[in-house]
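>>> sharing a model prediction with you, sequence too.
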Amino acid sequence: MIDVPHDLRARAARIRLAAFDVDGVLTDGRLVYGPDGELAKTFHVHDGLGLKLLRAHGIEVALITSRTSRAVEQRARELGIEIVHQGTGDKLAQLTTLCAERGIALDATAFTGDDLPDLAPMSRAGLAIAVANAHPWVLERAQWRTTRRGGDGAVREVCDLLLEAQGKARAALVSHLADAP
């Protein structure tokens, strides 16, 4: 059980859409270019399973990122994430449009970020989350901070928090036990 204050747990219990920045949140933020200019990114497997668990337990998942990358497309496809917005200059506008299209109030969203372009959607989301190694200005404006760094299991912490707050963590665990009681 993640130890969080009651008010934060109440916010997390209302979340219907979990939106995430990519670079610095799902990845460690480093950009690695190959000899032909192709961009490589690394993703943590624990984060991937956490995102799958959210979707399996009724919480929508969205990726909203300023950069555009085939690696992000591929990772989202592997995880079954259908809501992927790349090359987004205004993340708040994108989040607002996404919520309107899906009939979800902004206060029923969580936004996880790490740097200045994430501040606007974090300020309007119902739950503003920063990864442990986020920029200090982002950390001080977050309602919750992960203990793990971006690209190193931070997203899984967010997923676990949401599942626990909504009473879905036990079902997620039991679904993976060989001899579920």
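Thanks, I have it.

>>> which residue packs closest to K91, ignoring adjacent ones?
P121 (4.6 Å; Cβ to Cβ, 6 or more residues apart in numbering). From N, CA and C alone the C-beta is placed, and that goes for glycine too.

>>> that neighbour should be in a helix, yeah?
Yes - the assignment for P121 (DSSP: H, G, I helix; E, B strand; the rest coil) places it in a helix.

>>> from V45, how far off is it?
26 Å (Cβ to Cβ, to the nearest Å).

>>> who has more neighbours, those two?
P121 (25 against 9; other Cβ atoms under 10 Å).

>>> list the contacts for the residue nearest the centre of the chain?
For the chain, F20 is the residue whose C-alpha lies nearest the centre (Cα atoms, centre = their mean; 3.5 Å). By Cβ atoms under 8 Å, 6 or more residues apart in numbering, the contact list for F20 reads L26, V61, A62, L63, I64, F111, T112, G113, V155, V158.

>>> helices - which of those residues land there?
In this view, the contacts of F20 that belong to helices under DSSP state H are V155, V158.

>>> which of the contacts of F20 sits closest to G50?
V155 (5.9 Å; Cβ to Cβ).

>>> distance of the residue nearest to the closest one when sequence neighbours are not counted from R170?
Of all residues not flanking V155 in the chain, D47 sits nearest, at 3.7 Å (Cβ to Cβ, 6+ apart). Relative to R170, D47 is positioned 21 Å away (Cβ to Cβ).

>>> so which of those two has more stuff around it?
Per other Cβ under 10 Å, whichever of D47 and R170 has more neighbours is D47, with 26 against 10.

>>> so that one: helix, strand or coil?
Quick answer, by three-state DSSP: D47 is helix.

>>> just the pLDDT at it, thanks.
D47 is assigned a pLDDT of 98 by the prediction.

>>> surely it touches D160?
No - counting by Cβ atoms under 8 Å, D160 is not a contact partner of D47; they are 10.8 Å apart.

>>> what's the helix or strand of the chain with the lowest mean pLDDT packed up against?
Scoring the helices and strands of the chain by mean pLDDT, DSSP states H and E places strand 39-40 at the bottom, with a mean of 84. Judged by 3 or more Cβ pairs under 8 Å, 6 or more residues apart in numbering; DSSP states H and E, strand 39-40 is in contact with strand 32-33, helix 70-79.
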